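Chemist: got a sequence here, can you model it:
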Amino acid sequence: MKLVSVFVVFVLLLQAFAEAALVASSPEHSLTSVDDEIDLHKKAHHPKKINCSYACSRRCRKASRKKVCLRACKACCKRCHCVPPGTYGNKNMCACYARLKTHGHKPKCP
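Modeler: Below you'll find the predicted structure:
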């Protein structure tokens, strides 16, 4: 009985090594292609970082309620990674910034 179980384990290990060698030798599963795919994937999900504090202080410098403006602007900036130029308008420069709405369906971003 022990001899049979040792033989089965040996055959399973031999099969596992054979499959590993087959996968390693195939060109479509090479490590360089996997590394390239990972690099491309990372680039797609990490947009350019901006200094939200500076951009929002510039955007809200003429607002009558600066703290409210800064809080909303920073929330929008963190989500969209952009702030439109100037102190008012120009939302077409940052489509995500223009799309965000409050629960009352009003524009969220100043």
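
Chemist: low-scoring stretches of this protein, by residue?
Modeler: 22-47 (pLDDT under 70).

Chemist: all helices for the chain, in order.
Modeler: All helices of the chain, identified by DSSP state H, fall at 2-25, 31-45, 52-59, 66-80, 95-99.

Chemist: return the list of helices and strands in contact with the shortest one.
Modeler: Put plainly, it is helix 95-99. Other helices and strands packing on helix 95-99, by 3 or more CB pairs under 8 Å, 6 or more residues apart in numbering; DSSP states H and E, are helix 66-80. Backbone N, C-alpha and C define where each C-beta goes, glycine included.

Chemist: now the helix it packs on and helix 52-59, what's the angle there?
Modeler: If you take axes from the mean of the first three to the mean of the last three CA atoms, to 10 degrees, helix 66-80 sits at 130 degrees to helix 52-59.

Chemist: which parts of helix 66-80 are buried?
Modeler: For helix 66-80, burial by neighbour count (16 or more other CB atoms under 10 Å) applies to Cys69, Leu70, Ala72, Cys73, Lys74, Cys76, Cys77, Cys80.

Chemist: cool, and stretch 93-110?
Modeler: Result for stretch 93-110 [16+ other CB under 10 Å]: buried residues Cys94, Tyr97, Ala98, Lys108, Cys109, Pro110.
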